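[1] after the sequence you'll find the predicted model.
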Amino acid sequence: MIKFFRKIRQNLLSEGKTGKYLKYAIGEITLVVIGILIALQINNWNEKVKLDSEERVLLTNLKISFERKLEELEDKNDGRRKNIESIKRLLEIIASEDKEVSNSEMFSYKLDLFIWYAVNEEFSVIDMLYSSGKINTISNDSLKFKLIEWPDKMEEMLEEQRVVQDLVTQELNPLYRTYVSSADFLYSLSQNNLAEENKIHSPFPSDFKGLLNDRRFESLITEKLLYLRTNIADTQVLIEDSKMILELIEQDLKE
């Protein structure tokens, strides 16, 4: 019987020692887990700080680029509106009975006829956003959505711009040259600044009345006017989007 109680006592002592070790082990594991969680939290915080810093640099670059693009878009639309006014004046002259207009006035319209006020098709900051995947760095969903929409809206405007360019270079300019001497035009621009020996005199006088009576000329400048109006409308959409993008960027940079 005594041996039996001794054995029980030894087992109890053994079990008590194991319990202490178990508690100690659990404590160690808990400390290790807490340490890992703290390390992960610090790492996550460092990553967030890094991403926030990258985003601010990206937003700053976007702000500079869109400020320049906005200025360009507004400048081109101003030019297109003036171009339309010149074309409207020419259409009034064509519609008049006598079509009397001075050569100097007609030469003044030439530059308006052959300029299409092209917006630069390259926009490197947008290309970079997509090629590098940095579009995902932007945390503001509204801003991200506007930037995602931008390329399609830009392309829509550029399509009209290319149409105007082709109309001018392939149809309007060749027709104009059949009636108007380039030598006369250059002389009108530089008659007070060009030495006599450098002046070119054409044996073919400019026939502005013939040009104004050619219905192809009337049709082409009318087409240009209509395309310019569409171009202005498409560009205005980009102008408003640029302003919204800049406003969203400003808000994010202030936070």
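    Thanks, I have it.

[2] which residues in this structure form helices?
    2-95, 103-113, 124-132, 141-166, 173-179, 182-190, 208-212, 215-254 (DSSP state H).

[3] how far off helix 141-166 does the third one point, in degrees?
    By that I understand helix 124-132. Helix 124-132 and helix 141-166 are oriented at 120 degrees to each other (axes from the mean of the first three to the mean of the last three C-alpha atoms, to 10 degrees).

[4] list the buried residues of helix 124-132.
    Across helix 124-132, burial judged by 16 or more other C-beta atoms under 10 Å covers 125, 126, 128, 129. C-beta: built from backbone N, CA, C; applies to glycine.

[5] so can I have a markdown table of those residues showing pLDDT and distance to residue 225?
    Output for the buried residues of helix 124-132, formatted as a markdown table (pLDDT from 0 to 100; distance: C-beta to C-beta, whole Å):
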| residue | pLDDT | distance to residue 225 |
| --- | --- | --- |
| 125 | 88 | 33 |
| 126 | 90 | 30 |
| 128 | 88 | 37 |
| 129 | 89 | 36 |
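
[6] reformat the residues you listed as TSV; add distance to residue 220.
    Output for the buried residues of helix 124-132, formatted as TSV (distance: C-beta to C-beta, whole Å):
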residue	distance to residue 220
125	37
126	34
128	39
129	39
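
[7] closest to residue 207 among the residues you listed?
    residue 126 (47.4 Å; C-beta to C-beta).

[8] related to what we said a few turns ago, of all the helices of the chain, which one comes closest to residue 202?
    helix 182-190 (3.9 Å).

[9] pLDDT on that closest one, on average?
    For helix 182-190, the per-residue pLDDT values average out at 66.

[10] next one: stretch 159-170
    95.

[11] returning to what we had before: just the closest of the buried residues of helix 124-132 to residue 164, please.
    For the buried residues of helix 124-132, the residue nearest residue 164 by C-beta to C-beta is residue 126; the value is 22.7 Å.

[12] once you drop chain neighbours, what's closest to residue 184?
    residue 206 (4.8 Å; C-beta to C-beta, 6 or more residues apart in numbering).

[13] near the one you found, how many other residues are there?
    19 (other C-beta atoms under 10 Å).

[14] closest to the centroid, which residue in the chain?
    residue 123 (5.4 Å; C-alpha atoms, centre = their mean).

[15] buried ones in stretch 87-97, by neighbour count?
    For stretch 87-97, by 16+ other C-beta under 10 Å, it's 87, 90, 93, 94.

[16] ok, residues contacting it?
    Contacts with stretch 87-97, where a contact means C-beta atoms under 8 Å, 6 or more residues apart in numbering, come from 99, 101, 109, 112-113, 212, 217-218, 221-222, 224-225, 228.

[17] show the buried residues in those.
    Using 16+ other C-beta under 10 Å, the buried ones in these are 101, 109, 112, 113, 212, 217, 218, 221, 224, 225, 228.

[18] which one of the residues you listed is nearest to residue 155?
    residue 228 (18.1 Å).

[19] so the closest one touches residue 83, yeah?
    Yes. Counting by C-beta atoms under 8 Å, residue 228 touches residue 83, with 6.1 Å between them.
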